[in-house]
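> Next come a sequence and a model predicted from it.
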Amino acid sequence: MTTPQSQSFTTQIVHADRLGCAEQGAIHKPIHTSVQYGYDKVEDLIAVFQGTAKGGFNYARQGTPTTAALESKITQMEQGLGTIVFSTGMAGICAIFMTLLKAGDHLVASQYVFGNTNSVFGTLADLGIEITTVDVTDAAQVAAAVRPNTRMVFVETIANPGTQIPDLAGIGALCQQHGLLYVVDNTVASPYIFRAATVGAGLVVNSLTKSIGGHGDALGGAVTDTGLFDWNAYPNIFAAYRKGDAKGWGLQQLRKKGLRDLGGTLSSHAAHQLAVGAETLALRMDRTSATALALARWLEQQPAVARVLYPMLESHPQHAQARQHFRAGSWLLSFELRDADQCLAVCNRLQLPIKATGLADTRTLIIPVAHTIFWEAGPAVRATMGIADGMIRLSIGLEEADDLLADFVQALSGL
């Protein structure tokens, strides 16, 4: 029999719970609803509180056996050291920023980030953390932004909605050279399409709501430590957590300060739904990526379309990066109409795509970007992020490609 390490991505995931000794021979890890966890000896409870026990639970705000099983599954996907799951992807991102940065620290971040992440940057600035946003498709711009007080570099693997791809390897080498914590939000790509550890990321973020859960029925987020960053040299680790192997210090601080204190706890019920959804991750990503590429190629040929943004198109500015690092292009596809005034009408004429925010559902979702998710950012910020008034974002679902293409044919006819 093959060992788990030699098995393929999906084989490992679908058998993870069973091989992890789920109770009573269950194929899936059961849903543990208990908030408190008791021990026969108080010394054992103390060991859990102080972090000297191997495993164990005390209060569900810091995790349950069900969330732990999901954490193990995501760690396996990312081939990391360990994972902490949160109630949402934004809770995970905020835990990183709020517990690993201090007033006076400097963060270098991509100027192409999710709207809510961009909003968090404003909150961090109010708290005394300096932020510089740059065009991360060019590692030289990241290098030029680094200061003596820089602690962290944050990028998204594939930016939403413009699909910009950072110089992932170049930034990784730069962070290693300067001892900077390299944080990669891998939500759009997923650990199936891309493993951020291959470019030197220290922490990897996944919004479990999106690719990994994949069915639009549960919120969740995860932060994975790849084991590549030297926490012993990081100045912002609390003295109480500087015990034992330094490789575990980052996760310890994130679980105590980021999960326990900030309270962004993932419920066991949601963890169970996300874990089951994760089993079909590879199948969904292959299907949606193939459909997205077919639609992107068709859209490029339409006179009413000014620009199509999809990583696996030869016309994409970072196509070479995509081919180098990714096994597929994922489900995120954006395009711009030549006549921005037709943006809402086109959305309304489409019958299959659901007019809704959110990403990576089993159904195709559509949204006019400038009018909705980036409306609050304002025209100046949208301009720096390459978001035109006529941009439409698609999250491609599991519909048959021919059906989706036929719908677009009728929606764009006559423009």
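That came in fine, so what should we check first?
> hey, which helix is longest across this protein?
helix 281-300 (DSSP state H).
> contacts for it?
Applying Cβ atoms under 8 Å, 6 or more residues apart in numbering, the contact partners of helix 281-300 are 9-10, 13, 77, 190, 192-193, 211-212, 214, 305, 308, 310, 312-313, 315, 328-333, 335, 360, 362, 394, 396-399, 401, 404-405, 408. All C-beta spots, glycine's among them, are computed from the backbone N, C-alpha and C.
> Could you do stretch 207-220 as well?
70, 74, 77, 85-90, 92, 185, 187-192, 206, 221-222, 266, 270-271, 273-274, 277-278, 280-281, 284-285, 330-331, 358-363.
> Also stretch 46-55?
39, 44, 56, 57, 58, 68, 241, 243, 252.
> isn't there a helix covering the first one?
No. According to DSSP: H, G, I helix; E, B strand; the rest coil, the state of residue 39 is coil, so it is not within a helix.
> And for it, the neighbour number?
15 (other Cβ atoms under 10 Å).
> Then the fourth one?
Look at residue 57: counted by other Cβ under 10 Å, it has 20 neighbours.
> my guess is it contacts residue 65, does it?
Yes. Between residue 57 and residue 65 there is a contact under Cβ atoms under 8 Å: 6.8 Å.
> Tell me which helix or strand in the chain has the weakest average pLDDT.
Within the chain, confidence by mean pLDDT, DSSP states H and E is lowest for helix 16-19 among all helices and strands, at a mean of 72.
> Show me what counts as buried in that one.
Residues of helix 16-19 classed as buried by neighbour count (16 or more other Cβ atoms under 10 Å): 16, 17.
> on contacts alone, who are the packing partners of that helix?
helix 65-78 (3 or more Cβ pairs under 8 Å, 6 or more residues apart in numbering; DSSP states H and E).
> Any chance you could give me the host helix or strand of residue 204 in CSV, C-alpha atoms only?
In this structure, residue 204 sits in strand 203-207 according to DSSP states H and E. The C-alpha atoms that make up strand 203-207 are tabulated as CSV, following Å, rounded to 0.1, in the frame of the first residue of the first chain:
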residue,chain,number,x,y,z
LEU,A,203,2.4,32.2,6.5
VAL,A,204,-0.3,31.3,4.0
VAL,A,205,-3.9,32.6,4.3
ASN,A,206,-6.9,30.8,2.8
SER,A,207,-10.5,32.0,2.9
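> what angle do that strand and helix 65-78 make?
120 degrees (axes from the mean of the first three to the mean of the last three Cα atoms, to 10 degrees).
> Show me the strands paired with strand 203-207, marking each as parallel or antiparallel.
strand 181-185 (parallel), strand 221-225 (antiparallel) (DSSP bridges).
> Show me how far it is from its chain's centre.
From the chain centre to the centre of strand 203-207 is a distance of 5 Å (Cα atoms, centre = their mean, to the nearest Å).
> residues of it that come out buried?
203, 204, 205, 206, 207.
> One more: stretch 236-254?
237, 241, 246, 247, 248, 249, 250, 251, 252, 253, 254.
> And for stretch 188-199?
Quick answer for stretch 188-199 (16+ other Cβ under 10 Å): 188, 189, 190, 191, 192, 193, 194, 195, 196, 197, 199.
> hey, C-alpha coordinates of that stretch in PDB?
Output in PDB follows, covering the C-alpha atoms of stretch 188-199 (Å, rounded to 0.1, in the frame of the first residue of the first chain):
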ATOM      1  CA  VAL A 188      -8.100  32.400  -5.300                       C
ATOM      2  CA  ALA A 189      -5.400  29.900  -6.300                       C
ATOM      3  CA  SER A 190      -6.000  27.400  -3.500                       C
ATOM      4  CA  PRO A 191      -3.300  24.900  -2.300                       C
ATOM      5  CA  TYR A 192      -4.300  22.600  -5.200                       C
ATOM      6  CA  ILE A 193      -3.300  25.100  -7.900                       C
ATOM      7  CA  PHE A 194      -0.300  26.600  -6.000                       C
ATOM      8  CA  ARG A 195       1.600  26.000  -2.800                       C
ATOM      9  CA  ALA A 196       3.000  29.200  -1.400                       C
ATOM     10  CA  ALA A 197       5.800  27.400   0.400                       C
ATOM     11  CA  THR A 198       7.500  26.800  -2.900                       C
ATOM     12  CA  VAL A 199       8.300  30.600  -3.100                       C
END
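> returning to what we had before: contact partners of the least confident helix or strand of the chain?
4, 26, 27, 28, 29, 69, 72, 73, 76, 275.
> Just the buried ones among the residues you listed, please.
By 16+ other Cβ under 10 Å, the contacts of helix 16-19 give 29, 69, 72, 73, 76, 275 as buried.
> wait, isn't the last one in contact with residue 69?
Same thing as residue 275. Yes. Using Cβ under 8 Å as the test, residue 275 is close enough to residue 69 to be in contact (6.4 Å).
> shared neighbours of these two, which are they?
The contact lists of residue 275 and residue 69 share 17, 29, where a contact means Cβ under 8 Å, 6+ apart.
> now residue 169: how far from residue 81?
21 Å (Cβ to Cβ, to the nearest Å).
> Repeat that for residue 364.
Distance from residue 364 to residue 81, by Cβ to Cβ: 36 Å.
> quick one, which of the two is more surrounded?
Taking neighbours as other Cβ under 10 Å, residue 364 and residue 81 compare with residue 364 leading, 24 against 18.
> Any figure for the gap between that one and residue 392?
With Cβ to Cβ as the criterion, residue 364 and residue 392 are 12 Å apart.
> and what of residue 52?
54 Å.
> and if you look at residue 151?
37 Å.
> Those two: who's more crowded?
Shown here are residue 151 and residue 392; by other Cβ under 10 Å, residue 392 has more neighbours (24 against 20).
> So which bits of the helix or strand following the least confident helix or strand of the chain are buried?
For helix 16-19, the following helix or strand on the C-terminal side (DSSP H and E) is helix 42-50. Within helix 42-50, the residues that count as buried by 16+ other Cβ under 10 Å are 45, 48.
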